[in-house]
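A.B. asks: Generate coordinates for the sequence data below:
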Amino acid sequence: MKTAAHPVPVASSADFPEMVAGFFAQQGLALSGDFPVLVGNPKRVGRGHRFDFGSAAPAVVIECKSSTWTADGNWPAAKISAWNEAMYYFSLVPKSYRKIFAVAESFRGEESLATTYARKCAHLIPADVEVWVFDTESGTGKQLQIAAA
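C.D. replies: Predicted coordinates:
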């Protein structure tokens, strides 16, 4: 598991995407926000999708989610549908792009929402997508290793 730190903790979920961008900027990625990429079948009229961040050189797209378990500690099904949609868009991005799914860490006891998603929904995560989990209090990030579906 790769790990690194970003010095500024996040005050709210609205600040999370900026923390992620700062983290990857420290890793040497110059990112633009609301980054458009033409997705879909190249033999048909493609359509653009805007990712939270991205870059043309090097080719990278990042989607950020700061979802949490429900107040009762249940699986947040509606929010997870947005994670699944992100995986669908990643599957349509040209293969030349590095694809990063950045999520804020959320625990239910010892169980992380991101780890649970990777276990329950590994079949939906394209093989070339990196899932990164961020501790918003410490500013640290780590890449999850996803088991083959």
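
A.B. asks: Contacts only, for the residue nearest to residue 146 when sequence neighbours are not counted.
C.D. replies: Spatial nearest neighbour of residue 146, chain neighbours left out: residue 118 (5.1 Å); criterion: Cβ to Cβ, 6 or more residues apart in numbering. The C-beta positions use only the backbone N, C-alpha and C, and glycine is treated the same way. For residue 118, the contact set (Cβ atoms under 8 Å, 6 or more residues apart in numbering) comprises 125, 131, 144, 146-147.

A.B. asks: And for residue 48?
C.D. replies: Counted by Cβ under 8 Å, 6+ apart, residue 48 has contacts 36-39.

A.B. asks: Could you give the backbone dihedrals for it?
C.D. replies: phi -80, psi 150 (degrees, to the nearest 10).

A.B. asks: do the same with the one 3 residues further on
C.D. replies: For residue 51, the backbone dihedrals are phi -90, psi 160 (criterion: degrees, to the nearest 10).
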